[in-house]
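Engineer: Curious how this folds, go ahead:
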Amino acid sequence: MNLSFRHALFAYHLVFTLIFFGYIVNYGGDALGYWTLQADSSQGAETWIEYFGLSTFFIQWLNYIPSKIFQLPFWAGNLIYGMLTAFAWLKLYSYVVKQFPDIPILALKTIFLLPNMHFWTAGVGKESLIWICLVLFFVHMSFDKKSLAIMCLSIVGMFLIRPIYASFLIFILCFWGLMHSPYARKYTYGAITILLGILVLALRQTLLAAHLPDLSWNSLQTYLDFQMQFLGGYQANSYIPMEKYSFSLALFTFYFRPFPWEGDGIWLFMAGVENILGCLLFVTAVVLSLKEKFWDNKYILVYGMLFLILLSILGSQVLNNFGIILRYKSVAMIFLYLWAINTVFSVLKLILAKHFTK
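Structural biologist: Got it, this is the predicted structure:
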């Protein structure tokens with residue numbers, strides 16, 4: 001039965017590859033530019049090596065051979081990305097099934113079929129590559145040499161795609177190592193010192209990419225204001241005045257909006273339904289967790305949620321468009337859903353156990 005669901009999950013994800021392809025062809029998007037190597041031509045690159053760089057330059061470099069050398073069409077590129085990310089979904093599902101026996105399998109399957117996460121990780125784009133790196137990082141959180149090597153490679157990949165996310169992962173790796181390392185302190189502290197040095201370099205690269213002279217509050221505020229004005233200038237249908245929101249409302253908006261009635265079109269409506277379900281699930285989990293003083297310390301929950309929190313703090317301050325918010329959070333909301341559903345069913349199990357032992 002579990003094997004048949006794995007097949008269904010794989011096929012389900014590829015359906016979203018088809019939907020993603022149709023959406024980009026009809027409405028446009030960065031994905032087509034990534035595949036045709038025209039999303040950012042400021043390098044003036046002509047050869048494969050000249051295309052190499054960070055962020056958009058990297059994804060264009062990655063697409064150079066299949067797109068320009070093999071002349072594969074855009075639909076084929078989406079199929080390649082979709083199949084790679086489908087395997088990442090299967091890997092995460094297999095891991096979660098083993099790690100969370102208290103979650104009813106039907107509830108777990110439902111979480112893995114929520115549409116927004118699949119849509120944005122199903123085709124040519126940075127989110128697909130980010131998704132693969134995140135899955136490899138979090139399912140290999142272990143101190144054996146192979147797992148540590150995979151985690152480090154995931155960080156390298158993330159740095160090439162989105163340096164600020166790599167900074168988040170390096171911070172998480174440092175904190176995780178400090179809290180759980182089985183090695184002698186001198187080795188642990190030495191490794192963390194090296195990682196902190198790499199973190200400084202990653203942050204420096206992030207500053208350069210954002211054209212920030214330093215990490216002062218004035219520089220950050222100037223950048224945030226510019227980012228909001230830049231996105232606000234498009235005045236898209238899904239524009240929201242995030243710059244006018246309080247910090248808490250901006251965070252809530254990042255996590256749980258749009259609601260079904262706040263957007264135009266079937267896609268924003270479906271995303272809104274998913275947001276309401278996620279919000280209700282999260283609130284229920286928080287109430288039950290506080291009531292029973294329950295907290296699950298599994299690595300993928302604690303550190304996956306930490307990544308999402310860091311992402312949400314950043315996103316809530318620089319994004320003001322529902323469509324972009326849905327895309328940015330798509331790679332990490334699975335951690336909130338897993339935490340919430342695991343908390344709900346674990347606490348219910350504790351409550352029932354107390355009831356029947358009275």
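Engineer: Where does the prediction get shaky in the protein?
Structural biologist: Within the chain, the ranges that satisfy pLDDT under 70 run 1-3, 209-237, 357-358.
Engineer: Using the record's domain definitions, break it down for me.
Structural biologist: 1-139, 239-358 (automatic domain parsing).
Engineer: Which of these sits closest to residue 168?
Structural biologist: domain 239-358 (4.6 Å; Cβ to Cβ). Where you see a C-beta, it was placed from the backbone N, CA and C, and this is true even at glycine.
Engineer: mind checking how far that closest one is from the chain centre?
Structural biologist: Here domain 239-358 shows a centroid-to-chain-centroid distance of 13 Å under the convention Cα atoms, centre = their mean, to the nearest Å.
Engineer: again, but for stretch 109-128
Structural biologist: The answer for stretch 109-128 is 10 Å, by Cα atoms, centre = their mean.
Engineer: and if you look at stretch 71-90?
Structural biologist: The chain centre lies 18 Å from the centre of stretch 71-90; the measure is Cα atoms, centre = their mean.
Engineer: Just the buried residues of it, please?
Structural biologist: Residues of stretch 71-90 classed as buried by neighbour count (16 or more other Cβ atoms under 10 Å): 72, 74, 76-82, 85-86, 88-90.
Engineer: Residue 272: which of these is nearest?
Structural biologist: So of the buried residues of stretch 71-90, ranked by how close each gets to residue 272 (Cβ to Cβ), first place is residue 89, at 22.8 Å.
Engineer: before we move on, back to that, export the buried residues of stretch 71-90 to CSV and tack on distance to residue 338?
Structural biologist: Below are the buried residues of stretch 71-90 laid out as CSV (distance: Cβ to Cβ, whole Å):
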residue, distance to residue 338
72, 35
74, 33
76, 33
77, 30
78, 27
79, 28
80, 27
81, 24
82, 23
85, 18
86, 19
88, 15
89, 13
90, 16
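Engineer: coming back round to it: identify whichever of the domains of the chain lies nearest to residue 178.
Structural biologist: Across the domains of the chain, closest to residue 178 is domain 239-358 (Cβ to Cβ), at 12.3 Å.
Engineer: Residue 168: what secondary structure?
Structural biologist: The three-state label given to residue 168 by DSSP: H, G, I helix; E, B strand; the rest coil is helix.
Engineer: Could you double-check that it sits in contact with residue 307?
Structural biologist: Yes: with contact defined as Cβ atoms under 8 Å, residue 168 counts as touching residue 307 (5.6 Å).
Engineer: isn't residue 51 right next to residue 41, touching?
Structural biologist: No: counting by Cβ under 8 Å, residue 51 does not reach residue 41; the two are 9.9 Å apart.
Engineer: more neighbours, those two?
Structural biologist: More crowded of residue 51 and residue 41, by other Cβ atoms under 10 Å: residue 51, with 21 against 13.
Engineer: count of residues packed around residue 8?
Structural biologist: When neighbours are counted by other Cβ under 10 Å, residue 8 registers 12.
Engineer: again, but for the one 4 residues further on
Structural biologist: Neighbour count of residue 12, defined by other Cβ under 10 Å: 17.
Engineer: Now do the phi/psi pair for the closest residue to it other than its chain neighbours.
Structural biologist: When the adjacent residues along the chain are set aside, residue 12 lies closest to residue 113, with 6.4 Å between them (Cβ to Cβ, 6 or more residues apart in numbering). Note on residue 113: backbone dihedrals following degrees, to the nearest 10 are phi -110, psi 0.
Engineer: Could you report the neighbour count for residue 113?
Structural biologist: 14.
Engineer: I'd assumed residue 11 was in contact with it.
Structural biologist: No: applying Cβ under 8 Å, one finds residue 113 not in contact with residue 11, separated by 11.5 Å.
Engineer: Can you classify residue 308 as helix, strand or coil?
Structural biologist: Look at residue 308: counting by three-state DSSP, its state is helix.
Engineer: which non-adjacent residue is nearest it?
Structural biologist: Closest to residue 308 by Cβ to Cβ, 6+ apart is residue 332, at 4.2 Å.
Engineer: What count of nearby residues applies to that neighbour?
Structural biologist: By other Cβ under 10 Å, 23 other residues sit near residue 332.
Engineer: which residues touch it?
Structural biologist: Listed by Cβ atoms under 8 Å, 6 or more residues apart in numbering, the contact set of residue 332 reads 134, 304, 307-308, 311.
Engineer: what do you get for residue 111?
Structural biologist: Contact partners of residue 111, counting by Cβ under 8 Å, 6+ apart, are 334, 337-338, 341.
Engineer: Just the helices from the stretch 201-350 of the chain, written as ranges.
Structural biologist: Remark: helices assigned in the stretch 201-350 of the chain by DSSP state H, counting those that start in this stretch are 217-232, 247-256, 266-292, 299-318, 322-329, 333-356.
Engineer: Go through those helices and name the closest to residue 129.
Structural biologist: Among those, if distance is taken as Cβ to Cβ, the winner is helix 322-329, at 13.2 Å.
Engineer: Touching that closest one from outside, list them.
Structural biologist: Looking at what lies outside helix 322-329 - Cβ under 8 Å, 6+ apart - the contacts are 116, 120, 127, 231, 236, 238, 240, 253-255, 257-258, 262-263, 268, 271, 308, 311-312, 315, 319.
Engineer: All the strands of the stretch 1-150 of the chain, in order from the start?
Structural biologist: Remark: no strands are assigned in the stretch 1-150 of the chain by DSSP state E, counting those that start in this stretch.
Engineer: right, and residue 240 touches residue 268 too?
Structural biologist: No: taking contacts as Cβ under 8 Å, residue 240 lies outside contact range of residue 268: 12.0 Å.
Engineer: This completes my enquiry, with thanks.
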